[in-house]
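Q: could you look at this predicted model? Sequence included:
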Amino acid sequence: MPDLPNGPAPADLIIFGGTGDLAMRKLLPALYHCDVDGGLAPGTRIIALSRSGLDDADYRGKVDAEVRPALHGSEGWDAFLRRLRHVPVDVTTPEGWAGLAGLLAGHEDRDRVFYLASPPLAFGPFCRGAREAGLVTPGSRVVLEKPLGRDLAGAQAINDEVGAIFDESQIFRIDHYLGKETVQNLLVLRFANSFLEPIWNSRWIDHVQITAAESVGTPGRRGYYDQAGALRDMVQNHLLQLLCLVAMEPPSRNDREAVRDEKVKVLRSLRPVTGADADRFTVRGQYTHGLVDGAEVPGYLDEPDKNPPTDASRRVETFAAVHAEVDNWRWAGVPFFLRSGKRLPSRRSEIVVQFKNVPHAIFPGATPNRLVLRLQPDEGIHLSLMAKEPGAGDIALRPVPLSLSFSDAFSARVPDAYERLLMDVLSGNPTLFMRRDEVEAAWRWIDPIVRRWEGSAALPEPYPAGTSGPAGAHDLLARGGRAWHEEEL
């Protein structure tokens, strides 16, 4: 999209699933903030598609009632509402596209972004319908939400369907973790500071932990979660993406393909976890009733839901942990521990780089250095160093943090991940989005673990809600004399 002298050019952003949870909770608040910050050109339209019979005024009223109360401030809100349109669409029939076609007629020169906030099975049919209705222009892009399929074959089928309509350069596979400020700063920390590169390898790093913990459960979502589980829902995309950014080699330049090339190399270097290795190097669990924030909560099988528990419910994991290794010269012998779970003690996503002990300790009580990159809830970077406690007499050591809190260090509001990613889509920058070979390489590594779990008679290991996961997850690290990082920062 070419830049005009006075800023970006007008575009049409079309949200399929425009009345759904993702649109109301994430996309529209992010677009509002983009608008307030000057990222949306005058004349840019946000067009919501759904089967509901809302007109423009009804839809704006719905957004005003559901989105505005959750915002921090509402400067420019009325102007943002005027950008909104709603079009009832039935994508199953050619006639069902008429309303959208009429609204877009005469704006063929604009960039068009089709954001598919819908189940993956609808991706292919939507793209085919849009093409048959004559709505796909050379300036069109399509955004695909995760999860992209349930396995490698499913991902390839979706990629084939969408790829038959859109060129790979027009396809933006979104992972909102990659839009977080801390993830952006991981790249800057690694590749804009010379002191880290000499020690960013197996000689100095003992292991890496990547955690995505949630205190919430799955009330009302059993139908989805029975089919997804923590491994597909979080590890295959979010956590593997973070592993790639930690482990990747320095790209030759900061451009849209060089970064993605290096991430694919990491995924292809992951040691396969197959057969009996999956029993040793992975753990799955399911939460039972317990206490979270002082309140008693039900177990997964007892969560309120319109769908009664099934055999799939009893077998699905709400917690997954994996011991991964990257087989290359930089990382040989360094374990990467990945974990994600529901109903854990707190909501926390972080990357922990644990350094090795000093080669020769002359001070008793010294502990290894640790670098923690906190993605949520309070984004920041924390480096633990050993320091002498003040006072006379024997030297007493204590680990102290060098901390960078983004909210404290920068006066500007820390934007939501979707804001960055939506602006990148509108500008046509795919750097932070997943390429087809990247998605399929991730599934190729995950699939053997899924097959082993699904072919096993064993059920997920139970863990009480409000605890830090099943005992097996702690044993996964304890075998090497290690432990999960659980400290509050």
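A: Structure's in. What do you need?
Q: and for the nearest residue to Gly365 once chain neighbours are set aside, the neighbour number?
A: Nearest residue to Gly365, sequence neighbours excluded (C-beta to C-beta, 6 or more residues apart in numbering): Leu397, at 4.6 Å. Every residue, glycine included, has its C-beta placed from N, CA and C. Around Leu397 there are 14 other residues, counting by other C-beta atoms under 10 Å.
Q: phi and psi next, for Leu397.
A: Leu397 adopts backbone torsions of phi -100, psi 150, taken as degrees, to the nearest 10.
Q: for it, list each beta-bridge partner.
A: Leu397 has these beta-bridge partners by DSSP bridges: Lys388.
Q: so it versus Val358, what's the distance?
A: As judged by C-beta to C-beta, to the nearest Å, Leu397 and Val358 stand 11 Å apart.
Q: again, but for Val322
A: Distance, Val322 to Val358, using C-beta to C-beta: 30 Å.
Q: neighbour count: those two, which is higher?
A: The neighbour count for Val322 versus Val358, taken as other C-beta under 10 Å, is higher for Val322 (26 against 13).
Q: can you classify the more buried one by secondary structure?
A: Classification of Val322 using DSSP: H, G, I helix; E, B strand; the rest coil returns strand.
Q: how's this structure carved up into domains?
A: 3-145, 178-414+435-478 (automatic domain parsing).
Q: strands of the stretch 351-489 of the chain, residue ranges please.
A: Ranges of strands in the stretch 351-489 of the chain, per DSSP state E, counting those that start in this stretch, are 370-376, 380-388, 397-405, 461-464.
Q: so which of these is the most packed in?
A: Most buried of the strands of the stretch 351-489 of the chain, by mean neighbour count (mean count of other C-beta atoms under 10 Å): strand 370-376, with a mean of 20.
Q: that older thread, identify the contacts common to Leu397 and Val358.
A: Shared contacts of Leu397 and Val358, defined by C-beta atoms under 8 Å, 6 or more residues apart in numbering, comprise Ala366.
Q: now the strands for the stretch 201-350 of the chain?
A: 205-213, 282-288, 290-292, 295-297, 319-325, 335-341, 348-355.
Q: next SSE downstream of the host helix or strand of Val143?
A: Val143 belongs to strand 140-144 when elements are defined using DSSP states H and E. As assigned by DSSP H and E, the chain's next helix or strand after strand 140-144 is helix 152-163.
Q: got the buried residues for that following helix?
A: Leu152, Ala155, Gln156, Ala157, Ile158, Asn159, Glu161, Val162, Gly163 (16 or more other C-beta atoms under 10 Å).
Q: okay, angle between it and strand 140-144 too, please.
A: Computed by axes from the mean of the first three to the mean of the last three C-alpha atoms, to 10 degrees, the angle separating helix 152-163 from strand 140-144 equals 160 degrees.
Q: which strands and helices sit next to whatever helix or strand comes next after helix 152-163?
A: Going down the chain from helix 152-163, the next helix or strand is strand 171-173, by DSSP H and E. Using 3 or more C-beta pairs under 8 Å, 6 or more residues apart in numbering; DSSP states H and E, the elements in contact with strand 171-173 are strand 140-144, helix 436-454.
Q: now do the buried residues in strand 171-173.
A: Residues Ile171, Phe172, Arg173 are the ones in strand 171-173 that count as buried (16+ other C-beta under 10 Å).
Q: what about that strand, average pLDDT?
A: When pLDDT is averaged along strand 171-173, the result is 95.
Q: run through who's touching it.
A: Contacts for strand 171-173 (C-beta under 8 Å, 6+ apart): 141-144, 146, 148, 162-163, 424-425, 430, 433-436, 439.
Q: what residue is smack in the middle of the protein?
A: The structure's the chain has its C-alpha centroid closest to Tyr177; by C-alpha atoms, centre = their mean the separation is 3.3 Å.
Q: and that residue, how far is that from Ser140?
A: Using C-beta to C-beta, Tyr177 is found at 26 Å from Ser140.
Q: now swap in Ile199 and tell me
A: Taking C-beta to C-beta, one finds Ile199 at 45 Å from Ser140.
Q: how about low-confidence regions in the stretch 251-400 of the chain?
A: Low-confidence segments of the stretch 251-400 of the chain (pLDDT under 70): 393.
Q: pull the contacting residues for the closest residue to Ile395 other than its chain neighbours.
A: Once flanking residues are discounted, Ile395 sits nearest to Lys388: 5.5 Å by C-beta to C-beta, 6+ apart. The neighbours of Lys388, taking C-beta under 8 Å, 6+ apart as the test, are Ile395, Ala396, Leu397, Arg398.
Q: hey, what's Leu270 bridged with?
A: Going by DSSP bridges, Leu270 forms beta bridges with Val326.
Q: wait, it touches Ala324, no?
A: Yes: applying C-beta atoms under 8 Å, one finds Leu270 in contact with Ala324, separated by 5.9 Å.
Q: ok, back up a step: nearest to Ala457, of the strands of the stretch 201-350 of the chain?
A: Closest of the strands of the stretch 201-350 of the chain to Ala457 is strand 282-288, at 13.4 Å (criterion: C-beta to C-beta).
Q: out of the contacts of Lys388, which comes closest to Leu239?
A: Arg398 (31.8 Å).
Q: what residues are up against the nearest residue to that closest one once chain neighbours are set aside?
A: Spatial nearest neighbour of Arg398, excluding adjacent residues (C-beta to C-beta, 6+ apart): Glu389 at 5.2 Å. Going by C-beta under 8 Å, 6+ apart, Glu389 touches Ala396, Leu397, Arg398.
Q: roughly how far apart are Val266 and Pro125?
A: Note on Val266: its distance to Pro125, by C-beta to C-beta, is 33 Å.
Q: who has more neighbours, those two?
A: Val266 (24 against 13).
Q: who are the contact partners of that one?
A: Val266 makes contact with Leu243, Cys244, Ala247, Met248, Val326 under the criterion C-beta under 8 Å, 6+ apart.
Q: quick one: it and Trp445, what's the gap?
A: 10 Å.
Q: do the same with Arg82
A: From Arg82 to Trp445 the distance is 47 Å (C-beta to C-beta).
Q: comparing the two, which residue is more hemmed in?
A: More crowded of Arg82 and Trp445, by other C-beta under 10 Å: Trp445, with 22 against 11.
Q: touching, that one and Ser269? I think so.
A: No: taking C-beta under 8 Å as the contact criterion, Trp445 and Ser269 are not neighbours in contact, 10.0 Å apart.
Q: assess the claim that Ser403 and Glu379 are in contact.
A: No: assessed by C-beta under 8 Å, Ser403 is found out of contact with Glu379, at 11.6 Å.
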